[in-house]
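Student: got a predicted model here, sequence first, then my questions.
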Amino acid sequence: MIGLALVWCTIPTVLPVPPFFLLRGPRVSAAINNVHNIDCIEGMQSLATGSVDLVFADPPFNIGYDYDVYQDNLESDDYLKWTSGWIEQVVRVLKDNGTFWLAIGDEYAAEMKVLMQREFGLTCRSWVIWYYTFGVNCKRKFNRSHAHLFHMVKDSKQFTFNTSEIRVPSARQLVYGDKRANPKGRLPDDTWVLRPQDLPAGFTADDDTWYFPRVAGTFKERLGVHGCQMPEQLLGRIIRASSDPGELVMDPFTGSGTTLAVAKKLQRDYLGFELSEQYIDAVENRLQQITPGDDLDGAPEPQISAPSTANGRQLGSKPKKKTPVNTDQPSLPGLDV
């Protein structure tokens, strides 16, 4: 009989859950489906090796953002040392076929990619650019309107990637109604466009790109306690692609709780760590209002649209009838004949 080691850890948490029960096996027993008020490195150190299926991390960017409990202005060397510490724990708790998504800004994107690949042996499957407007206004450089999303895996040959869950209609389908088009659509590009003007109530989009509106202050989805709230539709794409129902999704920097909320809606187990009690109060309230299977907040995905073409037509539209032209009379300037 295999012996089981029980380790008690006193962990302050807003939610009335028991301490961690760590099993020498592939899963954590307790503490899942909760967010814990603890430093993420300490929290992950309490988890069993190889116990998590998917990690999504949106850490502080070290750009001087005014968090309520965290100092976001470390010296670069200190920030990278801290980053190496928490990524080390992410890699340890991930299953061998697990997936790690990292959201980060320009300042440290290159360093983090090199760190993940060279120091921890992860493979980068995609370097996604998330483009949005309502970005950061700058005075002495071009305005920032993007973030980086690194899709990393432990095993480049064995990892979850559910293509059927994330396919989008192709231009052949939307513009031309081409029968040769794959009826299942195509995989999204590695540039994800998020523009608030492309909401269903806004302007018509110019192409067949997915649109995840950035969570602006006036949006219903906005919680109002965290300035860097992620849109649910973006996390929806990541969680659908990189995990299956019933698997465990972890967010070491829970923030506004979007990762956990989307995981619960998509019927995954979830686990989060967060230093701010204020954020945890908001996350707890958010999670209590969710029932597994609920729709994701935000604009529908994908936002289907297509450009007009000179001779083509959108799928489902009727061809325009041409007006007969009297060739015996000269055409007026500007008249289409």
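Tutor: The structure has been received and is ready for your questions.
Student: the residue nearest to Pro183 when sequence neighbours are not counted - how many residues pack around it?
Tutor: Computed as CB to CB, 6 or more residues apart in numbering, the closest residue to Pro183 that is not its neighbour in sequence is Gln173, at 7.7 Å. Heads up, the C-betas are built off the backbone N, CA and C, glycines and all. By the criterion of other CB atoms under 10 Å, Gln173 has 22 neighbours.
Student: quick one: Gln173 is in a helix?
Tutor: Yes - judged by DSSP: H, G, I helix; E, B strand; the rest coil, Gln173 forms part of a helix.
Student: from Thr163, how far off is it?
Tutor: Distance from Gln173 to Thr163, counting by CB to CB, to the nearest Å: 16 Å.
Student: pretty sure the residue nearest to Pro183 is touching Lys184, no?
Tutor: No - Gln173 lies out of contact with Lys184 (CB atoms under 8 Å); the separation is 9.9 Å.
Student: now the strands for this structure?
Tutor: Using DSSP state E, the strands found in the chain span residues 34-36, 52-57, 94-104, 123-136, 144-153, 191-194, 248-251, 269-273.
Student: list the buried ones in the fourth one?
Tutor: Across strand 123-136, burial judged by 16 or more other CB atoms under 10 Å covers 125-126, 128, 130-132.
Student: just the CA atoms of that strand, as CSV, please.
Tutor: Only the C-alpha atoms of strand 123-136 are listed here, as CSV (Å, rounded to 0.1, in the frame of the first residue of the first chain):
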residue,chain,number,x,y,z
THR,A,123,8.5,25.3,-25.7
CYS,A,124,6.8,28.4,-27.1
ARG,A,125,3.9,27.2,-29.3
SER,A,126,2.6,30.7,-30.1
TRP,A,127,3.6,34.3,-29.4
VAL,A,128,0.3,36.0,-29.6
ILE,A,129,-0.1,39.7,-29.9
TRP,A,130,-3.3,41.1,-28.3
TYR,A,131,-4.1,44.4,-30.0
TYR,A,132,-6.6,46.8,-28.6
THR,A,133,-7.6,50.5,-28.6
PHE,A,134,-8.2,52.5,-25.5
GLY,A,135,-4.5,51.8,-24.9
VAL,A,136,-1.9,53.8,-23.0
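Student: state the number of residues packed around Arg172.
Tutor: Other residues close to Arg172 by other CB under 10 Å number 17.
Student: mind listing what's buried along stretch 76-92?
Tutor: Of the residues in stretch 76-92, 79-80, 83, 86-87, 89-92 count as buried by neighbour count, 16+ other CB under 10 Å.
Student: and for stretch 93-110?
Tutor: 93-95, 98-104, 108-109.
Student: mind putting those in CSV, distance to Pro59 included?
Tutor: As requested, these are exported to CSV (distance: CB to CB, whole Å):
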residue, distance to Pro59
Val93, 16
Leu94, 16
Lys95, 21
Gly98, 18
Thr99, 17
Phe100, 12
Trp101, 12
Leu102, 8
Ala103, 8
Ile104, 7
Tyr108, 9
Ala109, 12
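Student: got those residues as CSV, with distance to Gln45 and pLDDT columns?
Tutor: Shown next, in CSV, are the buried residues of stretch 93-110 (distance: CB to CB, whole Å; pLDDT from 0 to 100):
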residue, distance to Gln45, pLDDT
Val93, 9, 97
Leu94, 14, 98
Lys95, 17, 98
Gly98, 17, 98
Thr99, 21, 98
Phe100, 17, 98
Trp101, 21, 98
Leu102, 19, 97
Ala103, 23, 96
Ile104, 23, 94
Tyr108, 23, 95
Ala109, 26, 96
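Student: okay, the angle between the longest helix seen in the chain and strand 269-273?
Tutor: Ranked by residue count under DSSP state H, the longest helix found in the chain is helix 76-93. Computed by axes from the mean of the first three to the mean of the last three CA atoms, to 10 degrees, the angle separating helix 76-93 from strand 269-273 equals 150 degrees.
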